[in-house]
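**Student:** The following block contains a protein sequence and its predicted model.
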Amino acid sequence: MKIEARHMSWGVPGRTIVREVDLVVHPGETVGLIGPNGSGKSSLLRCLAGLRPPTGGEVRYDGTDIAGWPARTRARHVAFVEQTADTESDLTVGEVVMLGRTAHGSPWRGPNATDRAIAAAALDRLDLTTLADRPWKQLSGGERQRTHLARALAQRTWGLLLDEPTNHLDVRHQLELLELVAATRQTVVVALHDLALAARYCDRLVLLQHGAVVADGPAERVLTPARLREVFEVDADVGRDDAGRLAVAYRGPAR
Ligand SMILES: Nc1ncnc2c1ncn2[C@@H]1O[C@H](COP(=O)(O)OP(=O)(O)OP(=O)(O)O)[C@@H](O)[C@H]1O
């Protein structure tokens, strides 16, 4: 599925937060959304998910403007894992993952055998099978984050939008999650703070500054020392490690 923003803006009264973004994410592509705190990554993802109607321009799925689409229709196209998740629910991990099937079933019946099999596979993929019966609110931050990704996978959509999915994860789970994301045939937009991981696992990087796209392309073109200084306000060396992967070494905050 192709996900597109066309001259898309979003804001609150008196303030434009996402500015005339033009973005095309091709079917199967993994695009990394990077930018400093407050640059508009979460806001843009919420617009792409259809949770915030743009104040200008359009969001399109496979060329169709999604304005006015019911939530259930959107949920059959795109799964969204937000940065902050509710902690008050009494559901078990398995039940949270089963929520991913809601958009596919009839509201008058519970999950069927197919739903159960899909949810079990998603739990297994995120290494959560042994936690399936645990109350979700008792989990650690990283376990909760993996549960939300499992819920999103159980949704079986062609689009996947992820807002900093690695921020609570230990190193092994970060790498496993990003390998999974990079390997999926889904169209993915993932906001990431770790620039080296973004460079390694994404096909392309889109850099936001003050709500506008200031660079869009392969990591080696986007992550230049000059741009890291200008946008992230850090002095950094960008090179290649022994395996040929892009490496970013920070010297410190720009002075
Ligand atoms: N509903 C809102 N009302 C007012 N301001 C908002 C609203 N949502 C976001 N903002 C502001 O818009 C800016 C962009 O926020 P957003 O969360 O999109 O940034 P971000 O790039 O995801 O940041 P971070 O890296 O810190 O998660 C911030 O200054 C934020 O305070």
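**Tutor:** Received, thanks.

**Student:** SS state for V231?
**Tutor:** Of the three states, V231 takes helix under DSSP: H, G, I helix; E, B strand; the rest coil.

**Student:** What's the separation between it and the ligand?
**Tutor:** 12 Å (CB to the nearest ligand atom, to the nearest Å). Where you see a C-beta, it was placed from the backbone N, CA and C, and this is true even at glycine.

**Student:** How about R46?
**Tutor:** According to CB to the nearest ligand atom, R46 stands 8 Å off from the ligand.

**Student:** pLDDT wise, what is that residue at?
**Tutor:** Looking at R46, its pLDDT reads 97.

**Student:** which phi and psi does it have?
**Tutor:** Note on R46: its backbone torsions stand at phi -60, psi -40 [degrees, to the nearest 10].

**Student:** number of nearby residues for it?
**Tutor:** When neighbours are counted by other CB atoms under 10 Å, R46 registers 17.

**Student:** Quick check: it touching R52?
**Tutor:** Yes: R46 is in contact with R52 according to CB atoms under 8 Å; the separation is 4.6 Å.

**Student:** Wait, R144 touches R134, no?
**Tutor:** No: contact criterion CB under 8 Å: R144 and R134 do not qualify, at 10.8 Å.

**Student:** more neighbours, those two?
**Tutor:** Between R144 and R134, R144 has the larger neighbour count (other CB under 10 Å), namely 19 against 15.

**Student:** May I ask which helix or strand encompasses that one?
**Tutor:** helix 141-154 (DSSP states H and E).

**Student:** Contacts made by that helix with the rest, please.
**Tutor:** Surrounding helix 141-154, the residues in contact under the criterion CB atoms under 8 Å, 6 or more residues apart in numbering are 79-82, 85, 87, 93, 96-101, 118-119, 122-123, 125-128, 131, 136, 139, 160, 162, 165-170, 173, 177.

**Student:** Looking at those, which are in strands?
**Tutor:** Using DSSP state E, 79-81, 160, 162 are the members of the contacts of helix 141-154 that sit in strands.

**Student:** near the ligand, which residues of this protein?
**Tutor:** Applying CB under 6 Å from any ligand atom, we find that the chain lies next to the ligand at 12, 17, 35, 37-43.
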